[in-house]
Every structure is written in C-alpha cells, then in structure tokens.
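Visitor: no FASTA, just this:
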C-alpha cells in the first residue's frame, strides 16, 4: 500500500463544509462571514502521550479529543482539522481502527478532515484543528485565559486525576482493583472534549483553559495572563477523582490504602484530564448552572480568584496546605 | 529550560495580523471578508526529509518553505502558520538558529507564527500554514490540480533535480566537483517557495501543483484529477538541472561523466524541488510570460496536455522515451 492509497482508503471522504478537502495542495475553508477562526495544534508521541499498547481506535479518538478540548476552552465551534501522521509502516490492522476512532469523534462534532500528510517514521500524530468564534459588534466571543478578575469564582468540569491514576497503574507504581482501574483507564484513553460546555460559557466565563498538564499548572496560566491570584479547595478537588468513589465499595478494600494527599495530588497535578477550568463572577452562578445543565456537563466550584498574586491551597477545614504539586513539563 | 520558557524565548512574538497569537488555547485568525482560507500541513522527519547534519538555520527555512510552496501552488497569499515540534532536548545551539531561519522566511512572506506545540521526542517538525484566496463573484481564485484541458501547455518554474543530485552526493553514490555540489546543496537545503509566481498565475493557470515528490509523479496528480494525459519533453526538462551548467566548465571534468539519462531522471523524478508545475492554454502564453516576469521567476514550457490519458516522454529529436522514472513514495 502506497502513501496515496493509504490516504484514499482510510482518510479521504467527499468534502462537506470545506470548499475543497483532501487531495489538492491546500484545503479551502471559509468561516462564516465576520467570524474568527480558532486554531490549535497538538502533537502526540508514542511513549510520551500514549502507551504503545493502546487500542488504535481509542488513540484515534484521543488524538482528536485533545485538540477539540482546546477549541472547547476557546468557546469555538468545531469546523475542520488536518492530520499529519508519521507511521513506522502502513499497517491495516492499525490504520483501520485508528481512522475509525478518529472519524467517529470527528463526525460526533461535525468536524471535517480536510487535509494532511503521511510519512514513514516513529509514530507521531499531529492534528491542527479549526473552529469558529462569532464576532458581535466588533467584539469576539472567544473565551481567553486572560480575563479572570479578583472575586471571580473558579470552576472545573467533570472529573480530575483519573488519567494519572491509570497511568500509575500502567507504570507499575500502583495496584488497584480492576473496576477502579477500568474506570480510570477509560478517562485516560477516551477523554471527552467539553465542546458543548465551552459554547454554553460564551459571554459567561471570564477566563477559560483546558486542563492538559494538571489543574494547578494550567490555572497558573490563567493567573499570570490575568494578573491575579487564586485560592483552591484542595480537598474538594480531590473528591472529583471518579475512581475514588469506588473506594467506598466494601469489596474494593485496597483503594482505601490511597492517602488523601495522593488523591489531592492526582486531582491538582495529574494531567491529561481535558476538563475545562474557568472563572465567572459570583453574580453569574445561575448562568453557570444553566450552562452546565444545557451542556449536560457536571461543573464544580472549587475556589476563587484573589487580588494577591500566587496560589493558596486550603483543606476541608479551611487551613492552608503547602503547594508542592508540580505539573507536567515536557522539557523539565 | 522548560517548555514554556522555550516557547517564550524562541517563538513568541506579539501578534500582528492575528487577533490572538501564541500563548492561549487557540490562536484567533480572521481572513479578509469573503476570502477563503487555504490550509496545508507538512511533517518533516530527520533521516527522511533532512539529514541529521543539516544546519539548523537552513532547516528552519526549509520546514516553512515546503509549506509555503503548497500555498504558492494554490495561489494563496501567506497569512500565518502553526509549528508543532518534537525535540530530543531543549538545546539553545539548535533552537536559536532553527527559529532564526524559520522566522526570517516567515517575515519575508509576512507570515505570522500564531501557535504551536512542543514536546520531547525524535526530531519532528510539523507545520500547518494558512493563506488567503479571494473569492470574486462567488468564484474562488484558488489554483487547483483539476483544471488542465487537452491542448493546454505545461510549464515548470525554476530548476529541477538539483536537490536529488545533492542527496546522492550525501549518500555517497555520486562524486561531483565541489562547486557543483555546493550549488545543488543550496537548492536542497534552501528551496525558494514560489509565492509570487503563484499569486501572478491566478486566473491564468488552469491547473497547478508544487513538485515535492518528483515532476512526473506530481504531474500524475494533475492528470488524474483533470482526466487528461500529457507529453513531456524529457531532454528539455533535463537542461533545467542548475548544476548541469557547471559541467561545461573545462576545469570540472568529472561532471561530464553523468549521462543524459541520469540528468533526465533527476529532473523528472528527483523530488524535493518545490517548483510550480502548471498548465495554461496556448492563448495565455503572453500572460504566463508576464506572470514570470512580474514575479521574477524563470518559467519553462516543457510539454503539453493531451486528450488521451497517460504520460508520453519525448527526447530532443521528438522520439518516444520509455517512462521508467518513479517518484518518491513514503510507503512504497
């Protein structure tokens, strides 16, 4: 199978929204009149972003999901994406499920594959995604990282830390009961991009980011770009690890051996969560609840923005906790 | 140096045309009212697209040049690009010249770096580039591969085959005098994207492609998408290898040992040329000459489009030549 057969077999479909799709020097895309195009790119490498043993269908899903998550954090509606793929070999047993997982998520979000590149080399998946953000009266409705204000409340969607828990099991540093592992593994391998929530938060959230490197590390981007500080309820965040609920099950005793500090660490610095972390003024509490409800996405208020720079963690009694949870850095 | 320091030091500059550049979840870009966005992505790997010994400044140039070449082939005006970069380590001695070469070419084409991703891994450079194509009276001015008609003439810009000649010297399969090697090596390492010619050919060329895998292989894309055949003057194409002119120099005798068939093969199937291959009706000869002149780009008429499918090669006497020059395929 040659390069062009490979593209035709797995990735080429008739152009829908795009004026021109896969198969020419460029794809041609036109945003709605006056709209801005939101653009993000992510590169996923075997051994760093995913394990070599991952199911290719799930990997196809995840590769696009982490990019859609950036659109969600921007309040952008998905339009299209390009895929550049380095593969050790053109292998049907891998390409068929990979493309199915990728295109199933793409179809679910009406996000069209419009172009790409394939080459032989160490497995590397680079996706660039395009979304649309309306501009009203000259004002972009994009959600940015830079708009948080002192007094705003801090929210996070969904669950936290499960991907990291699953990774630790894969690494062999942790052993948990099978049902807990399976629940966590699903969060690691099949993250849900919070597109509907991002769209619902337009005009409500003052700052938004998606959590890829860990909650505190990504919150730090909001704090720096907004010129503010924050208080985070660490023990409340720690309750958002979905796998933890299974610890209460009497027949899963080993989960109980995990310390509260460990749950905090996974929730606050686990990484790979792809949840939205956002701020909104107290007066917008009802609007946030409506956005959560219409997007069918759980949202938890876990802290607030403060005038003084820096980050404060408190426990369930309101006592200060040392902040020693560090995020993932690809070059640290 | 961490990931975010690396981005800030080498790649982050204030947004110019983009509404939002490097540093948020997405970049925000707005094309001119009614214009289409032309989008292309290319992934470059060490050992496959460039040698590990290449000067990082030249590599930065080439990584963007091959993407701009796709915009040129589409008749698109460069706007912006994203860069995803996998690096074995954050090394100033590599990153500083790489980013300088990349941004120097970007500045020359007023093409803004608006976002990206960095991670640790085997060296891999994935660029996605955005250009603008006007739409007039509902008709896109994009140059496509699909519009060639029987009777059209076939043109190619610049020179052919030099990159391949240089590659063969690097591979040790060929030895040529130093000046010939240096000339060819420059074409391999610092290709010139034919942006000005692409813009000048809007409304003139009936089909256009850029030559990345070899003239005949890329011509085949035009033929298939246009439903036509072609005749190519192989010996005329063979005169377009720039290094060949140096063979006539009396003090460079060893170049003369290269056979005519070898020059033909490099010109027709060398790859890595990044020249424009395009078609235009005979009545547009003067317009093509003006486009070449205004864009200060040499253009040579090397064949014509025919009704009957397939590709015919002829020599300088007009005799048919066997067509056994095969293009580069990443998975063949």
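Guide: Structure's in. What do you need? Worth saying up front: this structure is predicted, and the values here are computed from it rather than measured.

Visitor: Which residue ranges of chain A form helices?
Guide: Ranges of helices within chain A are A:3-10, A:56-74, A:92-108, A:162-171, A:178-189, A:195-200, A:215-226, A:234-238, A:260-269, A:285-294, based on DSSP state H.

Visitor: Tabulate these in TSV, adding columns for distance to chain B and mean neighbour count.
Guide: All C-beta spots, glycine's among them, are computed from the backbone N, C-alpha and C. Compiled in TSV, those are given as follows (distance: least, Cβ to the nearest Cβ, whole Å; neighbours: other Cβ atoms under 10 Å in any protein chain shown):
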stretch	distance to chain B	mean neighbour count
helix A:3-10	5	17
helix A:56-74	4	26
helix A:92-108	11	18
helix A:162-171	16	21
helix A:178-189	18	19
helix A:195-200	10	24
helix A:215-226	7	22
helix A:234-238	21	22
helix A:260-269	15	22
helix A:285-294	18	15
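
Visitor: Just send these back as TSV, with mean pLDDT too.
Guide: Putting the helices of chain A into TSV (pLDDT from 0 to 100) gives the following:
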stretch	mean pLDDT
helix A:3-10	75
helix A:56-74	96
helix A:92-108	94
helix A:162-171	91
helix A:178-189	90
helix A:195-200	98
helix A:215-226	94
helix A:234-238	93
helix A:260-269	91
helix A:285-294	97
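
Visitor: Can you lay out those as TSV showing distance to residue B:103?
Guide: Output for the helices of chain A, formatted as TSV (distance: least, Cβ to Cβ, whole Å):
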stretch	distance to residue B:103
helix A:3-10	30
helix A:56-74	23
helix A:92-108	32
helix A:162-171	35
helix A:178-189	37
helix A:195-200	32
helix A:215-226	23
helix A:234-238	40
helix A:260-269	34
helix A:285-294	40
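
Visitor: So for residue B:27, which of those sits nearest?
Guide: helix A:56-74 (9.2 Å; Cβ to Cβ).

Visitor: any idea what sits nearest residue A:244, other than its immediate chain neighbours?
Guide: residue A:263 (5.8 Å; Cβ to Cβ, 6 or more residues apart in numbering or on different chains).

Visitor: which ones are touching the one you found?
Guide: Residue A:263 makes contact with A:161, A:238, A:241, A:244, according to Cβ atoms under 8 Å, 6 or more residues apart in numbering or on different chains.

Visitor: Tell me how far the last one lies from residue A:264.
Guide: For residue A:244, the distance to residue A:264 equals 11 Å [Cβ to Cβ, to the nearest Å].

Visitor: Over to the second one?
Guide: For residue A:238, the distance to residue A:264 under the criterion Cβ to Cβ works out to 4 Å.

Visitor: Mind listing the shared neighbours of residue A:244 and residue A:264?
Guide: residue A:238.

Visitor: From the recorded domain assignment, give the ranges for chain A.
Guide: If you go by automatic domain parsing, the domain ranges for chain A are A:3-140, A:153-321.

Visitor: How far does the first one stretch from one end to the other?
Guide: Okay, so that is domain A:3-140. In domain A:3-140, first residue to last residue: 40 Å (Cα to Cα, to the nearest Å).

Visitor: ok now it, how far from the chain's centre?
Guide: Domain A:3-140 sits 15 Å away from the centroid of its parent chain (Cα atoms, centre = their mean, to the nearest Å).

Visitor: now do the longest one
Guide: Taking the mean of its C-alpha atoms, domain A:153-321 sits 11 Å from the chain's own mean (Cα atoms, centre = their mean).

Visitor: which non-adjacent residue is nearest residue A:159?
Guide: Nearest to residue A:159 is residue A:242, by Cβ to Cβ, 6+ apart, at 4.1 Å.

Visitor: One more: residue A:168?
Guide: Nearest non-adjacent residue to residue A:168 (Cβ to Cβ, 6+ apart): residue A:174, at 4.2 Å.

Visitor: Now do the contacts for that neighbour.
Guide: So residue A:174 contacts A:165, A:168, A:258 (Cβ under 8 Å, 6+ apart).

Visitor: Switch the domains of chain A over to JSON lines; also include distance to residue B:221.
Guide: Shown next, in JSON lines, are the domains of chain A (distance: least, Cβ to Cβ, whole Å):
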{"stretch": "domain A:3-140", "distance to residue B:221": "8"}
{"stretch": "domain A:153-321", "distance to residue B:221": "34"}
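
Visitor: Which of the ones you listed sits closest to residue B:149?
Guide: domain A:3-140 (17.3 Å).

Visitor: Isn't residue A:6 up against residue A:118?
Guide: Yes - judged on Cβ atoms under 8 Å, residue A:6 makes contact with residue A:118 at a distance of 6.0 Å.

Visitor: from memory residue A:41 sits against residue B:130, does it?
Guide: No - if you go by Cβ under 8 Å, residue A:41 and residue B:130 don't touch, sitting 11.4 Å apart.

Visitor: Most neighbours among the contacts of residue A:263, which one?
Guide: Using other Cβ atoms under 10 Å in any protein chain shown as the neighbour criterion, residue A:161 leads the contacts of residue A:263 with 30 neighbours.

Visitor: Find the residue ranges of the stretch 1-150 of chain A scoring beneath the pLDDT cut-off.
Guide: Low-confidence segments of the stretch 1-150 of chain A (pLDDT under 70): A:1, A:4, A:15-19, A:21, A:23.

Visitor: residue ranges for the strands of it, please.
Guide: For the stretch 1-150 of chain A, the strands defined by DSSP state E, counting those that start in this stretch occupy A:27-29, A:36-45, A:77-87, A:112-120, A:124-133, A:135-136, A:139-140.

Visitor: and the ones you listed as JSON lines, adding mean neighbour count and distance to chain B?
Guide: Formatted as JSON lines, the strands of the stretch 1-150 of chain A follow (neighbours: other Cβ atoms under 10 Å in any protein chain shown; distance: least, Cβ to the nearest Cβ, whole Å):
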{"stretch": "strand A:27-29", "mean neighbour count": "26", "distance to chain B": "5"}
{"stretch": "strand A:36-45", "mean neighbour count": "26", "distance to chain B": "4"}
{"stretch": "strand A:77-87", "mean neighbour count": "25", "distance to chain B": "4"}
{"stretch": "strand A:112-120", "mean neighbour count": "23", "distance to chain B": "5"}
{"stretch": "strand A:124-133", "mean neighbour count": "28", "distance to chain B": "4"}
{"stretch": "strand A:135-136", "mean neighbour count": "14", "distance to chain B": "8"}
{"stretch": "strand A:139-140", "mean neighbour count": "14", "distance to chain B": "6"}
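
Visitor: For residue B:232, which of these is the nearest?
Guide: It is, among the strands of the stretch 1-150 of chain A and with distance given as Cβ to Cβ, strand A:112-120, at 26.4 Å.

Visitor: Kindly calculate the angle that the closest one makes with helix A:3-10.
Guide: 140 degrees (axes from the mean of the first three to the mean of the last three Cα atoms, to 10 degrees).

Visitor: Neighbouring strands - and their directions - for strand A:112-120?
Guide: strand A:77-87 (parallel) (DSSP bridges).

Visitor: List the contacts of the most centrally placed residue in chain A.
Guide: Nearest to the mean C-alpha position of chain A, by Cα atoms, centre = their mean, lies residue A:274 at 2.1 Å. Residues near residue A:274 by Cβ under 8 Å, 6+ apart: A:65, A:66, A:69, A:191, A:192, A:193, A:194, A:210, A:211, A:212.

Visitor: any idea how far it is from residue A:191?
Guide: Separation of residue A:274 from residue A:191 (Cβ to Cβ): 4 Å.

Visitor: again, but for residue A:233
Guide: Using Cβ to Cβ, one obtains 24 Å as the distance from residue A:233 to residue A:191.

Visitor: circling back to that earlier point, and the strands of the stretch 1-150 of chain A as a markdown table, adding distance to residue B:106?
Guide: Putting those into a markdown table (distance: least, Cβ to Cβ, whole Å) gives the following:
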| stretch | distance to residue B:106 |
| --- | --- |
| strand A:27-29 | 21 |
| strand A:36-45 | 16 |
| strand A:77-87 | 19 |
| strand A:112-120 | 19 |
| strand A:124-133 | 17 |
| strand A:135-136 | 26 |
| strand A:139-140 | 24 |
